[in-house]
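**Student:** 3D model of this:
(one chain, ligands or ions: 1)
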Amino acid sequence: MKCTNCQTNVDLSARFCPSCGTAVTAGHEVISQSEVTIEWLINILKGMGYIVKPVETAPDVILATKDGHVHFHMQIFKDMNLIGFQSVWEIKKPSWLNKDDFLAALNTANSKGWLCSVFTPDSLDMIYISSYIYPTESISNRDIMLFVKNFNDAVILMLQSPELDKYMP
Ligand SMILES: [Zn+2]
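**Tutor:** Residues are numbered from 1 along each chain as shown. Alright, predicted model coming up:
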């Protein structure tokens, strides 16, 4: 995010520009839980530089990609009042066929407090990383932006973690 006054890059969590002190107002648009729509989420993601595509077979699901490698599905579960993220990575690692070792590595990763939970299909040629936002009575653009950033950071950390590297071929 850029400062509206001096164009300095400002951290998403900052309330004031560290360079010129201008109050950061972008992302303060607060809406109620019931007003969360897929269109609202699409606009936020586009503002963050994501390419966003609808998923034809599911009206409340979108696919967001950035830089060609970070990608996730984002879904609104209206009856449960939550927003879900799922990042799917098609990674084929022959040594991951030792499921106990692989799950031990994932448990270690999760115990570090990352936002994600992970599961794998039996074939172990993909990993699914998912996380959820539970909006309280209201939610802002910035809440979504911070969550997306943390989610992506967690995914990238997970894919680079030494625990997982031990199981790379
Ligand atoms: Zn500034």
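
**Student:** which bits of this structure sit near the ion?
**Tutor:** Residues of the chain lying close to the ion (Cβ under 5 Å from the ion) are 3, 5-6, 8, 17, 19-20, 22. Where C-beta positions appear, they are placed from N, C-alpha and C, glycine not excepted.

**Student:** the lengthiest helix in the chain packs against which elements?
**Tutor:** What stands out as the longest helix in the chain, according to DSSP state H, is helix 141-160. Here helix 141-160 touches helix 38-47, strand 70-77, strand 82-89, strand 127-133, going by 3 or more Cβ pairs under 8 Å, 6 or more residues apart in numbering; DSSP states H and E.

**Student:** okay if I get those as TSV plus mean neighbour count and mean pLDDT?
**Tutor:** Listed next are the helices and strands packed on helix 141-160 as TSV, based on neighbours: other Cβ atoms under 10 Å; pLDDT from 0 to 100:
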stretch	mean neighbour count	mean pLDDT
helix 38-47	16	90
strand 70-77	19	82
strand 82-89	18	80
strand 127-133	19	77
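
**Student:** out of the ones you listed, which comes closest to residue 57?
**Tutor:** Closest to residue 57 of those is strand 70-77 (Cβ to Cβ; 11.8 Å).

**Student:** any weak-confidence spans in the protein?
**Tutor:** By pLDDT under 70, the weakly predicted segments of the chain are 27, 68-70, 89-125, 154, 156-169.

**Student:** give me the number of residues near the residue nearest to residue 33 when sequence neighbours are not counted?
**Tutor:** Nearest in space to residue 33, with sequence neighbours left out and distances taken as Cβ to Cβ, 6 or more residues apart in numbering, is residue 135 at 4.5 Å. Neighbour count for residue 135, taken as other Cβ atoms under 10 Å: 19.

**Student:** thanks a lot, catch you later.
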